[in-house]
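A.B. asks: structure for the following, please:
(one chain, ligands or ions: 1)
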Amino acid sequence: MKSVAERVAEFTEARRVMAMGLYPYFREIEGEQGTIVTMNGKSVLMMGSNNYLGLTDHPEVKAAAQKAIDQYGTGCAGSRFLNGTLSIHTECEEVLADFMGTEASLVYSTGFMANQGVISALVGRDSYIIIDKADHASIIDAARLAYGKTIKYAHNDMEDLEKKLSALSGKLCIIVIDGVFSMEGDIAKLPEICDIAEKYNAEVIVDDAHAIGVIGENGTGTASHFGIGDKILGTIGTFSKALASIGGFIASSENIIHFLRHHSRALIFSASPPPAGVAAVIKAVEIIKREPERIERLMELTAYLRNALKQANFNIGQSETPIIPIYVGEEMNAFKACMMLQAEGVFVNPVISPAVPPDKSLLRLSLMSTLTEENLDFAMEKLIKVGKTLGFI
Ligand code: PMP
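C.D. replies: Take a look at the predicted model:
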């Protein structure tokens, strides 16, 4: 049997990429997280942030966070269940339930923990959890943790979903899907999923990490986008994207929230999110409601970039949202492209296996409403240069 030291020493891939000067991870941003960031002392156009509405450096959001520190202190020395519930947590849950149009909501310390805590609590021993193959890692890990059995269906493939569900007829099945898929940027076929679920008596939970603040009425997510909010059991969200903070939540019925408050281990056995982060969310929701033009602008910029990329013959898959993938083939292409783009002043993220199939490596572009058409023209010029050099256009 190998020792831990031997096992970790066998992991050489990252060191090999580092030695080639192509390592694209843990890149440091020095200072503000706006549309132009500083990296290694150089200005770089940020085309890879999930700060969709540009609120992480909004003066009102920052002021709300600072005020909460003055009022409550910096951290929470306990979980929501015991000594870690501050009045600002309760206020945030009321704001989120009102925003999402649900009876109640429950705040977790990250979106990852929300998925873990909700899914593992709701999926009992005799239940099945049905997930899309492209679901986020936190859903996959939550399914591993849950007592029920996990069944995967092919990405957004309704025939496969129905095949899997029909084989489980009579069992309790809970379908958990990304509303907007985090790597590919396509939207789940939620109306069809809900129809199939109804036919087989299954329940549906949507992880709207990339949909909140982006699609649906006022940015309330995928179910709202399709006008079928009443057909799902609940929506899970994160604070780490459009909501400009750190944390996660579920919006659902009062009964589900009541159950989770007493059964969800990620909630009960982990400290609650710090007051500054929660205050930022409350302010971010207020701004999203007050300034719907931010979402309109995000969509305008998305359409602008998508058209430009298509015209330049990039393969951008089925994306319908501000997450736009550029398929580049093998993983070395993704690493090389990222580092070449950074040298040219553009930040994008590489996505390789296992997040996507091995031959489907991609550059993941994600947009902020605070970018401009000039920014996107600049990015396009650099993308075309790199795409031609590496041969993916
Ligand atoms: N779900 C999805 C679809 C995500 O993309 C992410 C974050 N990348 C999460 C959940 C986890 O959210 P958080 O960053 O708040 O842990």
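
A.B. asks: who's in contact with the residue of the stretch 251-393 of the chain found nearest the ligand?
C.D. replies: Nearest residue of the stretch 251-393 of the chain to the ligand: Ile323, at 9.2 Å (Cβ to the nearest ligand atom). Bear in mind the C-beta positions are built from the backbone N, C-alpha and C, glycine included. With contact taken as Cβ atoms under 8 Å, 6 or more residues apart in numbering, Ile323 is in contact with Val180, Phe181, Ser182, Met183, Glu184, Gly185, His210, Arg364, Leu365, Ser366.

A.B. asks: which single one of those residues is nearest to the ligand?
C.D. replies: Among these, and counting by Cβ to the nearest ligand atom, the member closest to the ligand is Ser182, at 3.6 Å.

A.B. asks: any idea whether that closest one is helix, strand or coil?
C.D. replies: coil (DSSP: H, G, I helix; E, B strand; the rest coil).

A.B. asks: state the number of residues packed around it.
C.D. replies: Other residues near Ser182 come to 22 when the count uses other Cβ atoms under 10 Å.

A.B. asks: surely it and Ser138 touch.
C.D. replies: No: counting by Cβ atoms under 8 Å, Ser182 does not reach Ser138; the two are 9.7 Å apart.

A.B. asks: pLDDT at Ser224, what is it?
C.D. replies: In this prediction, Ser224 carries a pLDDT score of 98.

A.B. asks: not counting its neighbours along the chain, what's nearest it?
C.D. replies: Gly216 (3.2 Å; Cβ to Cβ, 6 or more residues apart in numbering).

A.B. asks: measure that neighbour to the ligand for me?
C.D. replies: Here Gly216 is placed at a distance of 15 Å from the ligand (Cβ to the nearest ligand atom, to the nearest Å).

A.B. asks: same thing with Ile215?
C.D. replies: 13 Å.

A.B. asks: give me the nearest residue to the residue of the stretch 51-200 of the chain at minimum distance from the ligand, chain neighbours excluded.
C.D. replies: Nearest residue of the stretch 51-200 of the chain to the ligand, counting by Cβ to the nearest ligand atom: Gly111, 2.5 Å away. The shortest distance from Gly111 to any non-neighbouring residue, by Cβ to Cβ, 6+ apart, is to Thr238 (2.9 Å).

A.B. asks: burial measure for the one you found, as a count.
C.D. replies: 27.

A.B. asks: quick one: contacts for it?
C.D. replies: Here Thr238 is in contact with Thr110, Gly111, Ala114, Ala209, Ile212, Gly247, Gly248 (criterion: Cβ under 8 Å, 6+ apart).

A.B. asks: of those, which is the most crowded?
C.D. replies: Ile212 (34 neighbours).

A.B. asks: partner residues bridging that residue?
C.D. replies: Thr220 (DSSP bridges).

A.B. asks: quick check: it touching Leu243?
C.D. replies: Yes: counting by Cβ under 8 Å, Ile212 sits close enough to Leu243 to count as a contact (6.7 Å).

A.B. asks: quickly list what's touching both of those two.
C.D. replies: Shared contacts of Ile212 and Leu243, counting by Cβ under 8 Å, 6+ apart, come down to Gly237.

A.B. asks: picking that back up, contacting residues for the residue of the stretch 51-200 of the chain closest to the ligand?
C.D. replies: Counted by Cβ under 8 Å, 6+ apart, Gly111 has contacts Ser138, Asp207, Ala209, Ile236, Gly237, Thr238, Phe239, Ser240, Gly247, Gly248.

A.B. asks: the last one pairs with what?
C.D. replies: Translated: Gly248. Under the criterion used here (DSSP bridges), Gly248 is bridged to Tyr108, Thr238.

A.B. asks: now it: how far from Gly111?
C.D. replies: 4 Å (Cβ to Cβ, to the nearest Å).

A.B. asks: which residues do the two both contact?
C.D. replies: Contacts common to Gly248 and Gly111, judged by Cβ under 8 Å, 6+ apart, are Ile236, Gly237, Thr238, Phe239, Ser240.
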